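Undergrad: Structure of the sequence below:
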Amino acid sequence: MKKDRQGLDSHVLRFFARLDTNRPIDMDRTFIISFFLSDDTISVFEPEKRNSGIVHGKFIERSKIKKPSGEYYQAEDIFVGAVVNFRSHQFIITDADEYALNYAEKHQD
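TA: Below you'll find the predicted structure:
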């Protein structure tokens with residue numbers, strides 16, 4: 001997929017995910033994965049859940065992330081239903097925002 005950028009503004013693909021785990025405390029945790037098309041960086045944010053006892057906020061800081069195979073993640077690697085491994089945390093992508101879905105539809109090569 002090609003980079004999508006207008007001036008200094010980078011377009012961002014946002015996906016919703018959950019941890020792939022059997023630990024009861026982690027099963028209900030949800031995350032927002034942002035893929036920045038300008039430089040192929042990824043950040044992971046955990047929205048606040050009241051009374052969960054888990055610290056919310058930035059889970060993984062924006063950076064390039066390598067796949068277990070050693071290559072860096074690209075936009076085409078992250079889609080609804082995919083299982084991704086970011087720094088020893090396995091996530092299942094459950095949904096995407098409208099921009100990400102439209103971008104994937106336009107750039108399916």
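Undergrad: which residues touch the most centrally placed residue in the chain?
TA: When Cα atoms, centre = their mean is applied to the chain, the residue found nearest the centroid is residue 33 (2.5 Å). Residue 33 makes contacts with 14, 15, 16, 17, 42, 43, 44, 78, 84, 86, 91, 93, as judged by Cβ atoms under 8 Å, 6 or more residues apart in numbering. Backbone N, C-alpha and C define where each C-beta goes, glycine included.
Undergrad: at 7 Å what do you get?
TA: By Cβ atoms under 7 Å, 6 or more residues apart in numbering, the contact list for residue 33 reads 15, 17, 42, 44, 78, 91.
Undergrad: go on, residue 20?
TA: Contacts for residue 20 were tallied using Cβ under 7 Å, 6+ apart; they are 83, 90, 91, 92.
Undergrad: Go through those residues and flag which are in strands.
TA: Mapping the contacts of residue 20 onto strands (DSSP state E) picks out 83, 90, 91, 92.
Undergrad: I'd like to check which residues are in contact with the last one.
TA: If I follow you right, that is residue 92. The neighbourhood of residue 92, defined by Cβ under 7 Å, 6+ apart, consists of 17, 18, 20, 83.
Undergrad: and the third one, what pLDDT?
TA: This points to residue 20. In this model, residue 20 is scored at 91, pLDDT.
Undergrad: Residue 104 versus residue 93, what's the distance?
TA: Note on residue 93: its distance to residue 104, by Cβ to Cβ, to the nearest Å, is 11 Å.
Undergrad: how about the strands of the protein, start to end?
TA: With DSSP E as the criterion, the chain has strands spanning 5-6, 9-10, 12-19, 30-36, 41-46, 57-63, 83-86, 89-96.
Undergrad: Overlap of the contact sets of residue 93 and residue 104?
TA: Taking Cβ under 7 Å, 6+ apart as the contact rule, residue 93 and residue 104 both touch residue 79.
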